[in-house]
Structures are given as C-alpha cells and as structure tokens.
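Trainee: here's a sequence, model it:
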Amino acid sequence: MLKLILFALFAGGVALAPTTTVREIDDAGHSLQLARPARRVISLAPSLTELLYEAGGGDRLVGTVDYSDYPLQALEVPRVGSNLKLDLERIAALRPDLILVWFHGNALREVEQLATLGIPSFLLEPRHIENVPGALERIGRLLGTENTAQAAAERFRVRYADLRARYAARPPVRVFYQIAAAPLLTINDQQIIADAIRACGGRNVFGREKALVPQLSTESVVAADPDVILAARMAGKNTGSTAEHAPAEPSLKMWARFSGMKAVRTGQLWLIPGDQISRQGPRILDGVEAVCGALEEARKRK
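Mentor: Numbers count the residues shown, from 1 in each chain. As a prediction, this is how the structure comes out:
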C-alpha cells in the first residue's frame with residue numbers, strides 16, 4: 001500500500017522533498033523570506049530586467065516596465081506600466097511571487113500601493129559599480145539560479161578590475177558630464193556614472209557638489225574649463241557601445257560659442273551610449289569602456 005501511495009504522489013507531481021527557504025536583505029534594509037525560490041517575477045526597471053537575465057532568471061520574468069529592451073527577449077515580456085505609473089490590476093493578474101523594485105527609482109506612491117497586493121517585493125539599487133555583482137548574486141539566490149549568477153558576478157568583478165588596472169592611473173583628465181542641457185544638469189561623485197569616470201582616470205569637475213544631480217549655470221561650466229565634455233547618447237541613437245565624437249550634437253552644440261574652453265578648443269565633446277552608462281546593471285562596464293576611450297582621445301590633445 002505504501003508503494004502505491006508513493007507512486008501516486010510522484011505521478012501527480014508532488015514533491016516530497018522539503019522546499020528551500022530563501023532569506024535576503026534588500027537595499028532598503030528590509031528582510032525578505034520566501035518559502036521557495038521565485039518562479040514568477042516582475043521587474044520594475046530596465047536595469048533590474050538586465051540584472052535578472054544576467055543572473056539566469058530570464059525564463060522567470062512574467063512582467064516588466066517600459067524601456068525594458070535588453071536583452072531582445074525582454075521586448076516580448078508583458079508591460080505593467082512605467083517606473084512612475086504601474087498597472088496594479090495587470091500586476092495582480094500575472095500572479096507573480098516576487099517583484100523587483102527600483103529603490104528610489106520607482107515612484108514612492110506606486111511602491112506603497114504594491115504592498116496592498118500582498119506580493120513579496122525586493123528593493124534593489126546598486127549605487128556604485130562595485131555593488132552590481134552583489135545585486136546579481138542576491139537575485140540568483142532569490143531565484144535559485146545561484147551558479148549562473150555567481151559566475152556572472154565573478155566575470156563582472158574581473159572585467160571591472162581589469163579596466164581600473166588599465167586606466168585609473170593614466171594621466172588625469174578633467175571631465176564635465178552633462179546629464180541634460182535645459183536645465184543644465186550634471187552629477188556629483190556619489191552618482192554611479194562618476195565611478196566610470198574615476199575608473200578611466202577622469203576627474204569630475206563638479207564631483208564635490210552636494211546634490212547627486214546638481215543644476216548648473218553655463219558660466220560655472222565655462223569657469224571649470226574641463227578637458228572633455230561627455231553626454232549620453234539617448235534612446236533611438238544608441239546604435240553602438242563606443243564613444244562618438246559629436247561636437248555638432250544638438251545637446252553639445254551649445255558649447256561651440258565658448259571657444260576658449262579647453263574641451264571646445266580641442267574638440268573633445270563626446271556622446272556615450274546612454275543605456276550602458278546610466279543603467280545600474282551588467283552593461284555599465286560597456287559604458288565604462290566607452291568613457292575610457294573618449295578620455296584616451298582627450299589625453300592625446302592635452
């Protein structure tokens with residue numbers, strides 16, 4: 001009789017082995033416990049989508065947000081809104097057992113509403129490049145894809161160390177990174193893009209500003225007199241992973257009238273692939289390489 005019961009249980013797909021409990025601390029300091037690794041996941045940011053795929057969880061992704069366009073498979077995943085506006089009914093209908101939330105990137109009101117659904121949420125935001133491998137490993141543990149995630153994290157660490165070894169000690173280049181032209185915005189040294197500049201031997205001329213994304217006057221940039229000006233190549237123009245010499249780009253052309261600025265005088269105005277440099281995910285090292293390439297060209301003109 002016991003043999004018949006066991007056969008029936010196995011034939012019906014019932015697992016007799018105990019489930020593996022998963023426990024992790026997210027970037028908001030919240031402790032999350034799952035009775036088993038997540039099988040149906042929703043990602044609320046393009047960077048989190050990229051991290052999830054890199055960690056081996058692409059087949060678990062059942063929903064994501066606008067602009068989740070990498071890898072290509074992500075384009076086929078149902079959309080549940082944007083980082084600022086979520087479709088809670090759509091999220092509930094997809095029956096996720098885990099939601100990856102962009103800490104500080106998703107609108108607070110939307111995140112608070114997620115709690116009403118009773119679905120476990122995990123808040124992630126790698127604030128620095130060195131935090132990306134840890135994010136991969138945590139996602140791997142949440143999904144039960146630890147081996148894939150650990151291998152990806154190690155590849156990332158090795159590549160980042162190699163880039164720093166090659167470029168960080170190169171002659172310094174003074175950099176102005178332009179987030180937007182109107183209003184004129186840049187970054188301080190606590191923003192993740194500043195890590196890329198430092199890794200390439202660059203010095204952020206506004207690195208000591210208190211705000212993460214300071215608003216500037218044109219005069220302050222002229223007075224800082226950077227060696228090179230960098231800006232992001234936005235969506236739709238993101239055709240490659242290398243820096244593009246672009247003094248005629250509309251967002252950079254505004255500097256042409258300041259011919260006394262070193263970056264303008266030497267023609268060192270560059271576009272960096274926007275998705276790679278701004279997303280807090282595995283492709284940020286492609287962005288680092290693009291920055292390093294631009295700064296190497298700037299060194300030749302100093």
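Trainee: who's in contact with residue 142?
Mentor: 22, 24, 32, 34, 37-38, 98, 122 (CB atoms under 8 Å, 6 or more residues apart in numbering). C-beta: built from backbone N, CA, C; applies to glycine.
Trainee: ditto for residue 164
Mentor: By CB under 8 Å, 6+ apart, the neighbours of residue 164 are residue 199.
Trainee: list the buried ones in the longest helix seen in the chain?
Mentor: Ranked by residue count, the top helix of the chain under DSSP state H comes out as helix 146-167. Neighbour-count burial for helix 146-167 flags 146, 148-150, 152-153, 156, 160, 163-164, 167 (criterion: 16 or more other CB atoms under 10 Å).
Trainee: ok, back up a step: and the contacts of residue 142, which are buried?
Mentor: 22, 32, 34, 37-38, 98, 122.
Trainee: where does the stretch 101-250 of the chain dip in pLDDT?
Mentor: Regions of the stretch 101-250 of the chain meeting the criterion pLDDT under 70 cover residues 105, 235-241.
Trainee: rerun that using 80 as the cut-off
Mentor: Confidence mapping of the stretch 101-250 of the chain against pLDDT under 80 gives the ranges 103-111, 234-242, 247-248.
Trainee: all helices of it, in order?
Mentor: Using DSSP state H, counting those that start in this stretch, the helices of the stretch 101-250 of the chain run over residues 108-114, 132-143, 146-167, 192-199, 218-224, 250-253.
Trainee: kindly reformat those helices as CSV containing distance to residue 91.
Mentor: As requested, the helices of the stretch 101-250 of the chain are exported to CSV (distance: least, CB to CB, whole Å):
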stretch, distance to residue 91
helix 108-114, 7
helix 132-143, 18
helix 146-167, 24
helix 192-199, 27
helix 218-224, 42
helix 250-253, 35
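Trainee: among the ones you listed, which comes closest to residue 273?
Mentor: Residue 273 lies closest to helix 192-199 among the helices of the stretch 101-250 of the chain, at 11.3 Å (CB to CB).
Trainee: and that closest one, what does it pack against?
Mentor: helix 146-167, strand 173-178, strand 202-204, helix 274-278, helix 284-301 (3 or more CB pairs under 8 Å, 6 or more residues apart in numbering; DSSP states H and E).
Trainee: quick one: strands adjacent to the third one?
Mentor: Strands flanking strand 202-204 in the sheet, each with its direction: strand 173-178 (parallel) (DSSP bridges).
Trainee: now do the partner strand: distance to the chain's middle.
Mentor: 21 Å (CA atoms, centre = their mean, to the nearest Å).
Trainee: equivalent analysis for stretch 276-290, please.
Mentor: Taking mean C-alpha positions (CA atoms, centre = their mean), stretch 276-290 and its chain are 7 Å apart.
Trainee: can you list contacts of that stretch?
Mentor: With contact meaning CB under 8 Å, 6+ apart, stretch 276-290 is reached by 46-48, 50-51, 54, 70, 125-127, 129, 132, 135-136, 152, 156, 159-160, 163, 192-193, 196, 199-200, 232, 238, 241-243, 272-273, 275, 291.
Trainee: which of those residues are buried?
Mentor: For the contacts of stretch 276-290, buried by 16+ other CB under 10 Å: 46-48, 50-51, 54, 70, 125-126, 129, 132, 135-136, 152, 156, 160, 163, 192-193, 196, 199-200, 232, 238, 241, 243, 272-273, 275, 291.
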